[in-house]
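Trainee: what shape does this take:
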Amino acid sequence: MRYLVTGAAGFIGAAVADALLARGDAVLGIDNLNAYYPVALKEARLARVSENKGARFAFAKVDFADHGALDAALVGEQFDRIIHLGAQPGVRYSIDNPRAYIEANVVGHLNLLEVARHRQVQHMVYASSSSVYGGAEKVPFSVEDRVDHPLSLYAATKKADELMSETYAHLYRIPLTGLRFFTVYGPWGRPDMMVWMFTHKILTDQPIPVFNHGEVWRDFTYIDDIVSGVIAAVDRPPADDGALKAGGSTTPHALYNIGNHRCEKLTDVIAVLETACGRKAVIDLLPMQAGDVPRTFADIGAISHDLGYAPTTSVDLGIPRFVDWYRRYTGL
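Mentor: Numbering: from 1, shown residues only. This next block holds a predicted model:
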């Protein structure tokens, strides 16, 4: 089977492409290689994915928010399913750069829905986010919960993606699955994310910013567990049978949380990082940052029941693995 994977140079996209290739599938990856974080890291991920894969891996540099460029890049290309992981990420960046999120996450998502529609693909899995839950106080977060009050534009664009997908599943009966990712970390991760930033600052004796005066909890999910969930999802398209799906739709559209089902206090995770780095952190306690949320916690009952998803990596295992990789990658 051949897959179109968007965001193929990204953290999750590269890992998913690698897993598909490892099991013998073919992948057409696309990415615009923008400079939101260092392009050299994205190129290194691509080099790792493409190594010794021959014709089973192809890559095209294209901005999927530009429908003309996307259509041109896909001329003559065949694929059976789409895994749409490309997006403009980051809650905090959306405060100062809102248009980047509308272009990539709303217009870009629509363009991929149109590709799925006109190509009549078997299934499209797409990335949503735990950010859609906003400041919800009920925990753990369930896909059955109302998510009408996003706290950032990033979260609003991901909610918009879910709504557009529901419309396309209803109008065109396209099998679609949205995955609400919870705080992904691990080797080959993103420099703008907490585990990477804190590791760098601890190893270079810089203070780490801890918002809400340390009263922050996150559901940290290791990359290998995320990949297993994405693969399980793409292998199981929701049926067009009128039955109620996870997330509440009766169309062929399902929504799942993909997390670790553990709510870790940030200060406890910092302690694990300190042990892995072999030195103490200098902590700078700060107020809550605009657009951020105090807590995330995934109810993974639906994805476990429907797809057999079972995360296996706690932060006690995953954090040291990341730190080991980071030291090798950076030489620190």
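Trainee: for the strand or helix carrying residue 198, buried residues please.
Mentor: Assessed by DSSP states H and E, residue 198 sits inside helix 194-203. Buried residues in helix 194-203, defined by neighbour count with 16 or more other Cβ atoms under 10 Å: 194-196, 198-203. Where you see a C-beta, it was placed from the backbone N, CA and C, and this is true even at glycine.
Trainee: for the helix or strand harbouring residue 273, name the packing helices and strands.
Mentor: Using DSSP H and E, residue 273 falls within helix 266-277. The contact analysis (3 or more Cβ pairs under 8 Å, 6 or more residues apart in numbering; DSSP states H and E) places helix 266-277 against helix 194-203, strand 207-210, strand 217-218, helix 315-330.
Trainee: nearest to residue 245, out of the ones you listed?
Mentor: Closest to residue 245 of the helices and strands packed on helix 266-277, according to Cβ to Cβ: strand 217-218, at 27.1 Å.
Trainee: after the closest one, which helix or strand is next?
Mentor: strand 221-222.
Trainee: what is the distance between whichever helix or strand comes after that following strand and the centre of its chain?
Mentor: Once the chain leaves strand 221-222, the next helix or strand it forms, by DSSP H and E, is helix 223-234. Offset of helix 223-234 from its chain centre (Cα atoms, centre = their mean, to the nearest Å): 10 Å.
Trainee: who touches helix 223-234?
Mentor: Helix 223-234 has contacts (Cβ atoms under 8 Å, 6 or more residues apart in numbering) with 3, 11-12, 15-16, 19-20, 81, 83, 85, 123, 125, 177, 179, 181, 184-189, 256, 258, 260, 303, 307-309, 311-313.
Trainee: pLDDT on it, on average?
Mentor: The average pLDDT for helix 223-234 rounds to 98.
Trainee: that one: what's the following helix or strand?
Mentor: Heading C-terminal from helix 223-234 (DSSP H and E), you reach strand 253-258.
Trainee: quick one, phi psi at residue 133?
Mentor: When read as degrees, to the nearest 10, the backbone of residue 133 gives phi -80, psi -10.
Trainee: wait, isn't it in contact with residue 293?
Mentor: Yes: with contact defined as Cβ atoms under 8 Å, residue 133 counts as touching residue 293 (7.4 Å).
Trainee: the two: who's more crowded?
Mentor: Neighbour tally, residue 133 and residue 293, criterion other Cβ atoms under 10 Å: the higher count belongs to residue 133, 29 against 22.
Trainee: give me the neighbour count for residue 242.
Mentor: Other residues close to residue 242 by other Cβ under 10 Å number 9.
Trainee: in contact with the closest residue to residue 193 other than its chain neighbours, which residues are there?
Mentor: Of all residues not flanking residue 193 in the chain, residue 185 sits nearest, at 6.4 Å (Cβ to Cβ, 6 or more residues apart in numbering). Taking Cβ under 8 Å, 6+ apart as the contact definition, residue 185 lies against 193-196, 220-223, 318-319, 322.
Trainee: so, low pLDDT: which residues of the stretch 1-150 of the chain?
Mentor: Along the stretch 1-150 of the chain, no part satisfies pLDDT under 70.
Trainee: what's the helix or strand for residue 160?
Mentor: Going by DSSP H and E, residue 160 is in helix 153-172.
Trainee: buried ones in that helix, by neighbour count?
Mentor: Quick answer for helix 153-172 (16+ other Cβ under 10 Å): 153-162, 164-166, 168-169, 172.
Trainee: ok, now stretch 266-281?
Mentor: Neighbour-count burial for stretch 266-281, counted by 16+ other Cβ under 10 Å, picks out 266, 269-270, 272-273, 276-277, 281.
Trainee: go on, stretch 203-219?
Mentor: For stretch 203-219, burial by neighbour count (16+ other Cβ under 10 Å) applies to 203, 208, 210-212, 216-219.
Trainee: residue 284 is in contact with residue 211, isn't it?
Mentor: No: using Cβ under 8 Å, residue 284 is not in contact with residue 211, being 9.7 Å away.
Trainee: count of residues packed around the residue nearest to residue 166 when sequence neighbours are not counted?
Mentor: Setting aside the residues directly before and after it, residue 166 is nearest to residue 253 in space (Cβ to Cβ, 6+ apart), at 5.4 Å. Each residue near residue 253 was counted by other Cβ under 10 Å, and the total is 26.
Trainee: ok, what's across the strand from the residue nearest to residue 193?
Mentor: Listed beta-bridge partners, residue 185: residue 222 (assigned using DSSP bridges).
Trainee: what's the closest non-adjacent residue to residue 60?
Mentor: Leaving aside its sequence neighbours, residue 60 sits nearest to residue 73 (Cβ to Cβ, 6+ apart; 4.6 Å).
Trainee: quick check: phi and psi on that neighbour?
Mentor: Main-chain dihedrals, residue 73, degrees, to the nearest 10: phi -70, psi -30.
Trainee: does it touch residue 31 like I think?
Mentor: No: using Cβ under 8 Å, residue 73 is not in contact with residue 31; the gap is 11.0 Å.
Trainee: and for those two, which residues touch both?
Mentor: Contacts common to residue 73 and residue 31, judged by Cβ under 8 Å, 6+ apart, are residue 62.
Trainee: between those two, who's got more neighbours?
Mentor: More crowded of residue 73 and residue 31, by other Cβ under 10 Å: residue 31, with 24 against 17.
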